[in-house]
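J.: Quick one, fold the following:
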Amino acid sequence: MVSQEQRRRQLAREKFLRQQQRRTASRRKARVRNSVIASVLGVVVIGSVALYTTGVLKNDDKAKASSDVSPSPSAPSKAPDPCAKPAAGAVKKLSWKKEPAMAVDTSAKYTMKLATTCGDIDVAMKTAAAPHTVNSFAFLAGRGYFDHTKCHRLTTNGIYVLQCGDPTGSGSGGPGYTIPDENLKDPSLKGNVYPAGTVAMANAGQKHTGGSQFFLVYQDSQLPPSYTPFGTVSESGMKVLKKIAAAGESTGRGDGAPNATVVVNRATVGKS
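T.: Now for the predicted structure:
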């Protein structure tokens with residue numbers, strides 16, 4: 001017998017996936033239009049598209065689609081911002097035409113540090129299982145791509161993720177190239193559940209469409225195994241994520257911009 005709560009979460013996930021499909025179709029039309037404009041100007045722009053969150057999922061436009069999510073019976077009042085003011089600086093406008101050449105040592109350990117306004121989030125990266133993904137993050141972080149970017153999406157209903165990695169803050173930005181899906185059969189993904197602490201790529205709802213957007217899971221979340229898991233958040237980083245989640249999101253419907261001012265002051269990837 002399926003409980004009402006299980007049924008509610010199932011319906012929320014199904015609605016979420018439908019929303020992603022609609023956004024993917026809309027973005028596809030936009031890309032065609034933009035490619036025509038780019039050809040006239042002599043500019044070639046290959047953009048990564050938005051996620052489910054998660055991308056959680058897809059590189060995403062979740063905040064824009066939050067109006068499609070059924071509101072909670074009573075939206076909670078906005079909690080105080082638990083985070084500090086962002087460091088001085090501006091987002092760099094960077095783009096590349098193709099995936100960077102492989103430069104990581106797949107036999108070595110790599111760690112990504114997100115120095116955010118809410119605290120440091122350390123991520124142990126799965127280099128051997130997701131070499132293209134780790135290589136891309138090392139490349140982008142080394143060029144300051146993530147510095148001063150906002151984490152633009154927090155999902156608190158059905159799935160539980162914080163999405164980051166879009167310099168535009170809109171859910172549709174990317175580095176100009178895409179990377180292949182990897183590690184989709186990671187042993188941690190049991191029963192289509194991305195466990196708390198997982199860091200995975202957002203995508204456009206299609207294979208091999210990951211760019212720079214990624215999501216951090218702060219509570220076990222049931223998702224199809226379509227989002228490359230490439231890292232695990234440290235214990236101290238999980239405390240930061242839970243602090244951000246506790247502040248809630250802006251719409252009161254379970255999917256929108258986080259109330260906390262979550263800005264990545266600096267992102268670094270180091271080899272150990």
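J.: Check residue 272 and give its pLDDT.
T.: With respect to pLDDT, residue 272 has a value of 83.
J.: what residues are up against it?
T.: With contacts defined as CB atoms under 8 Å, 6 or more residues apart in numbering, the neighbours of residue 272 are 108, 109, 110, 111. C-beta coordinates here come from the backbone N, C-alpha and C atoms, glycine included.
J.: for residue 145, same thing?
T.: Residue 145 is in contact with 92, 94, 167, 175, 212, 267, counting by CB under 8 Å, 6+ apart.
J.: right, and out of the contacts of residue 272, which lies closest to residue 255?
T.: Minimum distance to residue 255 across these is 29.7 Å, recorded for residue 111 (CB to CB).
J.: quick one: contacts for the closest one?
T.: Going by CB under 8 Å, 6+ apart, residue 111 touches 122, 123, 124, 125, 269, 270, 272.
J.: Need the residues you listed in a markdown table (columns: secondary structure).
T.: Below are those laid out as a markdown table (DSSP: H, G, I helix; E, B strand; the rest coil):
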| residue | secondary structure |
| --- | --- |
| 122 | strand |
| 123 | strand |
| 124 | strand |
| 125 | strand |
| 269 | strand |
| 270 | strand |
| 272 | coil |
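J.: okay, the residues you listed in JSON lines with distance to residue 155 next?
T.: As requested, the contacts of residue 111 are exported to JSON lines (distance: CB to CB, whole Å):
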{"residue": "122", "distance to residue 155": "22"}
{"residue": "123", "distance to residue 155": "19"}
{"residue": "124", "distance to residue 155": "23"}
{"residue": "125", "distance to residue 155": "23"}
{"residue": "269", "distance to residue 155": "25"}
{"residue": "270", "distance to residue 155": "29"}
{"residue": "272", "distance to residue 155": "32"}
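J.: Grab the two from those residues that are most spread out in space.
T.: Pairwise distances across the contacts of residue 111 (CB to CB) peak at 12.7 Å, for the pair 123 and 272.
J.: one step back: between the contacts of residue 111, which sits nearest residue 162?
T.: For these, the nearest to residue 162 is residue 123 (12.4 Å; CB to CB).
J.: Could you report the separation of the closest one from residue 88?
T.: 25 Å (CB to CB, to the nearest Å).
J.: So if I had to pick from the two, which one is more boxed in?
T.: Neighbours around residue 123 and residue 88, counted as other CB atoms under 10 Å, are more numerous at residue 123. The numbers are 24 against 7.
J.: At which residues are the helices of this structure located?
T.: According to DSSP state H, the chain carries its helices in the segments 4-41, 62-65, 131-142, 235-246.
J.: can you pull the buried residues of the third one?
T.: Along helix 131-142, the positions that meet the burial threshold by neighbour count (16 or more other CB atoms under 10 Å) are 131, 132, 133, 134, 135, 136, 137, 138, 139, 140, 141.
J.: ok, now stretch 169-189?
T.: Buried, per 16+ other CB under 10 Å, within stretch 169-189: 169, 171-179, 181-184, 186, 189.
J.: before we move on, what about stretch 144-157?
T.: 145-157.
J.: could you give me the average pLDDT of stretch 85-100?
T.: 97.
J.: Roughly how far does residue 190 sit from residue 177?
T.: Separation of residue 190 from residue 177 (CB to CB): 32 Å.
J.: Then residue 131?
T.: Where residue 177 is concerned, residue 131 sits at a distance of 16 Å (CB to CB).
J.: quick one, strands of this protein?
T.: Here the chain has its strands, by DSSP state E, at 110-116, 119-125, 149-150, 153-155, 161-164, 193-194, 198-201, 214-217, 221-222, 229-233, 255-256, 263-271.
J.: Could you dump those strands into JSON lines and include distance to residue 103?
T.: Shown next, in JSON lines, are the strands of the chain (distance: least, CB to CB, whole Å):
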{"stretch": "strand 110-116", "distance to residue 103": "11"}
{"stretch": "strand 119-125", "distance to residue 103": "14"}
{"stretch": "strand 149-150", "distance to residue 103": "22"}
{"stretch": "strand 153-155", "distance to residue 103": "30"}
{"stretch": "strand 161-164", "distance to residue 103": "23"}
{"stretch": "strand 193-194", "distance to residue 103": "28"}
{"stretch": "strand 198-201", "distance to residue 103": "19"}
{"stretch": "strand 214-217", "distance to residue 103": "19"}
{"stretch": "strand 221-222", "distance to residue 103": "32"}
{"stretch": "strand 229-233", "distance to residue 103": "16"}
{"stretch": "strand 255-256", "distance to residue 103": "36"}
{"stretch": "strand 263-271", "distance to residue 103": "10"}
